[in-house]
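**Q** here is my input; please provide its structure:
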Amino acid sequence: MAAFLLLLFLIACKTMALEVVPYTPRVSDMNMAGKITVSTFSLESPKCVFDSFVNASDDIWLVITFANATTHFKNPTSAQQIPPYEDLYTAYAFMTMKSTLSQYPCTKGKTTNVLRVGNESSCKNDDTRTHCNGPLPSTGPYRVKFLAMNSSGSKAETRWSSPIWLNKAEIWKTIDTWPGRRSGDMIVITVILSALCGVITIGFLSTVCYECFKRWRHDPSENQEEQRQEPFQGSRYDTHHIPPAPPGPPPPPPPADMPGSHLTPSSS
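**A** You can find the predicted model right below:
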């Protein structure tokens, strides 16, 4: 009976034990701008690392914790226990960047792909994105590892990375803006653009001043002289619309011709 219980215990321990992938995540050694910022860092893509440990249907997650919280992190046994981005502020760890084996294929030569941790600022306050790859809140340090899971829980994991520090944001008052620290090309370009703006401004002001001077110098007496030299043209009065006067009565006859002027006197 004791041997049977011991066998069951060994089987359970073997079932609960995770396979350790002999790989340590690290920051990419590529010469690239913004490899480490105040809230993000770029990891080397784990190409050809999980082929012997996971299946095509397994999920591969990236676990991110503060450097002093790795011993407190417990691998989830189900998908419901996967810590979201918000747990970084309380449990000091979260899981993100869910992928599969097909996303880390074996390729010849050096790969140029990197994993940008903390690159999704749009889902920072989105409750629907529980596994957001949100920006990291402080300079750290942080440590990361890859964890493979299947339907039964955690299956395989890599080693923890070395502590990763982020850049510290500079106070704006401490930024040196002295022109002497700028490159020669930048100074030449600045001088050329400033001179070009000055020439355009002077040309514009000269044009405006010239037009105003012409308007001011215009003599109004010239218009008066032109008006005096113009011939007078009176308006023509047309009477063709007035009808002719009606004919008057005939003049009276002379007195000699009037009747009764040669009456014969009567006899007495």
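**Q** do you know how far the closest residue to Cys48 other than its chain neighbours is from Lys168?
**A** Distance criterion CB to CB, 6 or more residues apart in numbering; nearest residue to Cys48, sequence neighbours excluded, is Cys106 at 3.6 Å. (Glycine included, C-beta is placed from N, CA and C.) From Cys106 across to Lys168, the span is 38 Å (CB to CB, to the nearest Å).
**Q** how about the strands in this structure?
**A** 19-21, 41-44, 59-66, 93-99, 114-117, 142-150, 153-158 (DSSP state E).
**Q** now do the shortest one: everything it contacts.
**A** Judged by CB atoms under 8 Å, 6 or more residues apart in numbering, the contacts made with strand 19-21 from elsewhere in the structure are 49-50, 53, 146, 148, 155-159.
**Q** the second one too?
**A** When contacts are defined by CB under 8 Å, 6+ apart, strand 41-44 is touched by residues 25-30, 32, 34-36, 62, 114-118, 136, 142, 144, 164, 166.
**Q** buried subset of those residues?
**A** 25, 27-28, 35, 62, 114-118, 136, 142, 144, 164, 166 (16 or more other CB atoms under 10 Å).
**Q** burial measure for Thr100, as a count.
**A** Neighbour count for Thr100, taken as other CB atoms under 10 Å: 15.
**Q** wait, I meant Asn167
**A** By other CB under 10 Å, neighbour count at Asn167 equals 14.
**Q** now it. Nearest residue, chain neighbours left out?
**A** Once flanking residues are discounted, Asn167 sits nearest to Val38: 5.1 Å by CB to CB, 6+ apart.
**Q** residues contacting the one you found?
**A** Contacts for Val38 (CB under 8 Å, 6+ apart) come out as 139, 166-169.
**Q** let's see it at 6 Å
**A** 166-167, 169 (CB atoms under 6 Å, 6 or more residues apart in numbering).
**Q** from Lys168, how far out is it?
**A** For Val38, the distance to Lys168 - CB to CB - is 7 Å.
**Q** please apply the same query to Glu19.
**A** Computed with CB to CB, the distance linking Glu19 and Lys168 is 38 Å.
**Q** of those two, which one has the most company?
**A** Ranked by neighbour count (other CB under 10 Å), Glu19 and Lys168 place Glu19 first, with 12 against 9.
**Q** Leu18 reaches Gly153, doesn't it?
**A** No: applying CB atoms under 6 Å, one finds Leu18 not in contact with Gly153, separated by 9.3 Å.
**Q** what's the closest non-adjacent residue to Glu157?
**A** Leu147 (4.8 Å).
**Q** in contact with that neighbour, which residues?
**A** Here Leu147 is in contact with 61, 63, 154, 157 (CB under 6 Å, 6+ apart).
**Q** lowest-confidence one in the residues you listed?
**A** pLDDT across those is lowest for Ser154, at 93.
**Q** and for it, the neighbour number?
**A** Ser154 has 19 nearby residues by other CB under 10 Å.
**Q** list the buried ones in the longest helix seen in the chain?
**A** In the chain, taking DSSP state H as the definition, the longest helix is helix 184-217. For helix 184-217, burial by neighbour count (16+ other CB under 10 Å) applies to no residue.
**Q** flag the shaky bits of the stretch 51-200 of the chain, pLDDT-wise.
**A** Residue ranges of the stretch 51-200 of the chain with pLDDT under 70: 109-111, 171-183.
**Q** which residues in this structure form helices?
**A** Using DSSP H, helices in the chain cover 2-16, 184-217, 221-229.
**Q** identify the residues contacting Ser121.
**A** Pro135.
**Q** tell me the spacing between it and Glu19.
**A** Separation of Ser121 from Glu19 (CB to CB) stands at 35 Å.
**Q** try Arg143
**A** Distance from Arg143 to Glu19, by CB to CB: 20 Å.
**Q** counting neighbours, what do you get for Glu157?
**A** Neighbours of Glu157 (other CB under 10 Å): 20.
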